[in-house]
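> Here is a sequence together with a model predicted from it:
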Amino acid sequence: MTTAILFDVDGTLVDTPAGMTTVLRTVVTEHGRSATDEQIRRTVGRPLTASCATLLALPADHPDVARAADRVRELFTETVIPSAARLVFPGVPELLAELRDRGHPLGVVTSKVRRSAVELLAATGLLDAFDTLSCHGMAERGKPHADLALLAADALGAPPARCVVVGDAVDDVRMANSAGMAAFGVTTGVATRIELLLAGARAVFAGPVALRAALLTDTAHRSVPLDLSQR
């Protein structure tokens, strides 16, 4: 069967980490806490409750964490969503269209809850490119566990061995490896090339244009040696 491609969203398809970092900084400050830009950025792409708990140094079930997560979603909708269409990485719409034209089932696997994922993808014009959305809370465990990737594969009718995960974070790569899927990394988001390769990515690319050639060939199904050089 044709390979199914599972994409992360933030930092992979859409350049939202900077906007999310600003929103998280605002919420952390509102709660009387402080964090460096690096500390904040490293939480981007994780489930929002986990990010807020880490930055506020509180248990995940603390009421302030839930309030902070709701506030982050509110500010993200107000400040990032209106410009979301301009945040799509160059080449992403064309890549998705070409993959669909060639018969590849496409899915999203994200740490966003479904409501937030739909909101962002609709605002970017990318929602209709995907056959399924696998979002935080739809499986027992989120990234880096395999559950969300396997949920997407099942929805697409694709065995894990015929799936490729594309993501910008170490947790995306670890999820793919746990699910028995190939993992391709992109350096458009939160993790470095070295971090992605050491986590087990087959290869790492600078963005959609460089990624295209790999996804449209049999690269995903060949054993790629660990390569720490620039691609």
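In hand now; what should we look at? Numbering: from 1, shown residues only.
> what's the helix or strand for the residue lying farthest from the centre of the chain?
When distances are taken from the C-alpha mean of the chain, Gly32 lies farthest, 29.0 Å away, according to CA atoms, centre = their mean. Under the criterion DSSP states H and E, no helix or strand holds Gly32.
> Dihedrals phi and psi, the nearest residue to Met138 once chain neighbours are set aside?
Leaving aside its sequence neighbours, Met138 sits nearest to Leu151 (CB to CB, 6 or more residues apart in numbering; 6.2 Å). (Glycine included, C-beta is placed from N, CA and C.) Dihedral pair for Leu151: phi -60, psi -50, per degrees, to the nearest 10.
> Give me the number of neighbouring residues for Leu151.
Using other CB atoms under 10 Å, Leu151 has 20 other residues around it.
> mind listing what it touches?
134, 138-139 (CB atoms under 8 Å, 6 or more residues apart in numbering).
> what ranges do the strands span in the chain?
Applying DSSP state E to the chain gives strands spanning 4-7, 106-110, 132-135, 163-167, 182-186, 203-205.
> Give the buried residues for the fifth one.
What that stands for is strand 182-186. 182-186 (16 or more other CB atoms under 10 Å).
> Distance check, Leu215 against Asp70.
Distance of Leu215 to Asp70, computed by CB to CB, to the nearest Å: 37 Å.
> Comparing the two, which residue is more hemmed in?
Of the pair Leu215 and Asp70, Leu215 is the one with more neighbours under other CB under 10 Å, namely 20 against 13.
> so that one makes contact with Cys163?
No: with contact defined as CB atoms under 8 Å, Leu215 does not count as touching Cys163 (11.9 Å).
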